[in-house]
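In: Sharing a model that was predicted from the sequence below.
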Amino acid sequence: MAATLLKEQKDISAFVDSIDTFLLDCDGVIWAANHVFDGVQTVLDLLRSKGKRILFVTNNSTKSRKSYLKKFQSLDIHASAEEIFGSSYAAAYYIANVLKFPKDKSVYVIGMAGVREELESEGISHIEDDGTNLHAMDEMATIKPDPRVGAVLLGFDLNINYKKYAKAFTYLHADKNCHFLATNSDLTFPAGGTVYPGTGALLAALSAPLDREPVVLGKPHQPMLDVIIAKYHLDKARTCMVGDRLDTDIEFGKTGGLKTLLVMTGVTTEEALKKSSIQPDYYIASLGNLQP
Ligand SMILES: O=C(O)[C@H](O)[C@H](O)COP(=O)(O)O
Ligand SMILES: [Mg+2]
């Protein structure tokens, strides 16, 4: 069924009254990079004044919950660490509590501080490449796999290079029992009024030559929602996922039995929405327009 546009004040008020908890995506909903969309702070304060619970659920793995809290505070957005769920946290939680990863094993990480910090907060040993470049194919023999590695975890890495890929490939190609994990698989992310290659683009360069797909921990996959529902005992019928991407945020909400609201400030255009087989319950121009 096609999505319903929320535009009239009475429709917006009725929708807000029907929801107790808002799960808010970040990139493309709250902000693009460091630009907070107009009206977002006001809406967050209004929703909280009406007793609504707000949780932030982001596939962006570059920051830990602690670092995201600093970003929220720097942008005058009220939040607490317990309200923030990132794909790095989802990955670390999964490795520690679902895989029950052996203490004598390490995770080879392609990613940034967010992944490292969340693995450390779960007591998971990890190793990364030193970031230097190879200069000739003859140097491939310098890649010496570490026998402690039992999993490869890929997250967004602004400084990815061939050597990092070659090491990850070596672990996964040599040992089919080596866990292949990814924080998320978003193909693009919004910034500066356009989009750029996202984690899914980096992931394709590894999964294609391996001919193997990773376990993806972020949206639309449900481990993150399972953690959130268990922690907050949410009523799914009165919980809404608000996002800008159809194949992650809206799919995440629909699969999880939540209400779904798409905003048009991120990666999804009206044209893409009309053509998509993934339809949110509602859509709105911006989160800043959701003024009850
Ligand atoms: O490429 C990525 O990692 C994602 O596109 C990006 O960071 C998504 O973040 P979200 O919209 O879930 O906050
Ligand atoms: Mg987004």
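Out: Looks like it arrived, so ask away. Numbering: from 1, shown residues only. Ligands and ions are numbered 1, 2, ... in the order given.

In: and the residue in the stretch 51-200 of the chain positioned nearest to ligand 1, what does it touch?
Out: Nearest residue of the stretch 51-200 of the chain to ligand 1, counting by CB to the nearest ligand atom: residue 198, 2.5 Å away. Bear in mind the C-beta positions are built from the backbone N, C-alpha and C, glycine included. Applying CB atoms under 8 Å, 6 or more residues apart in numbering, we find residue 198 in contact with 156, 184, 186-189.

In: so what's the residue in the chain positioned nearest to ligand 2 closest to, chain neighbours aside?
Out: Distance from ligand 2 to each residue of the chain (CB to the ion) is smallest for residue 28, at 3.6 Å. Ranked by CB to CB, 6 or more residues apart in numbering and with sequence neighbours excluded, the top spatial neighbour of residue 28 is residue 266, at 2.1 Å.

In: wait, that neighbour sits on residue 31?
Out: No - between residue 266 and residue 31 there is no contact under CB atoms under 8 Å: 9.9 Å.

In: Between those two, tell me which one has more neighbours.
Out: Between residue 266 and residue 31, counted using other CB atoms under 10 Å, the more crowded position is residue 266 (25 against 21).

In: So that one: helix, strand or coil?
Out: Classification of residue 266 using DSSP: H, G, I helix; E, B strand; the rest coil returns coil.

In: Tell me the secondary structure at residue 262.
Out: strand.

In: any idea of the pLDDT on it?
Out: Residue 262 is assigned 98 on the pLDDT scale.

In: Surely it and residue 244 touch.
Out: Yes - contact criterion CB under 8 Å: residue 262 and residue 244 qualify, at 6.9 Å.

In: State the distance from the most centrally placed residue in the chain to residue 253.
Out: In the chain, the centroid-proximal residue (CA atoms, centre = their mean) is residue 59; its distance is 0.6 Å. As judged by CB to CB, to the nearest Å, residue 59 and residue 253 stand 13 Å apart.

In: same for the helix or strand of the chain at the bottom of the mean pLDDT ranking, what does it pack against?
Out: Using mean pLDDT, DSSP states H and E, helix 223-232 stands out as the lowest-scoring helix or strand of the chain, at a mean of 88. Applying 3 or more CB pairs under 8 Å, 6 or more residues apart in numbering; DSSP states H and E, we find helix 223-232 packed against strand 53-58, strand 84-86, helix 87-97.

In: So which residues of the protein form helices?
Out: With DSSP state H as the criterion, the chain has helices at 9-17, 40-49, 65-74, 87-97, 113-121, 162-174, 199-210, 223-232, 251-255, 270-275.

In: Now find how far off-centre stretch 34-51 is within its chain.
Out: In terms of CA atoms, centre = their mean, to the nearest Å, the centre of stretch 34-51 is found 21 Å from the chain centre.

In: which of the contacts of residue 198 are close to ligand 1?
Out: Contacts with ligand 1 within these, counted by CB under 6 Å from any ligand atom: 156, 184, 186, 189.

In: what are the phi and psi values for the first one?
Out: To tie it back to what came earlier, the one meant is residue 156. phi -60, psi 130 (degrees, to the nearest 10).

In: In contact with it, which residues?
Out: Residue 156 sits next to 60-62, 111-112, 183-184, 189, 198-199, 202 when contact means CB under 8 Å, 6+ apart.
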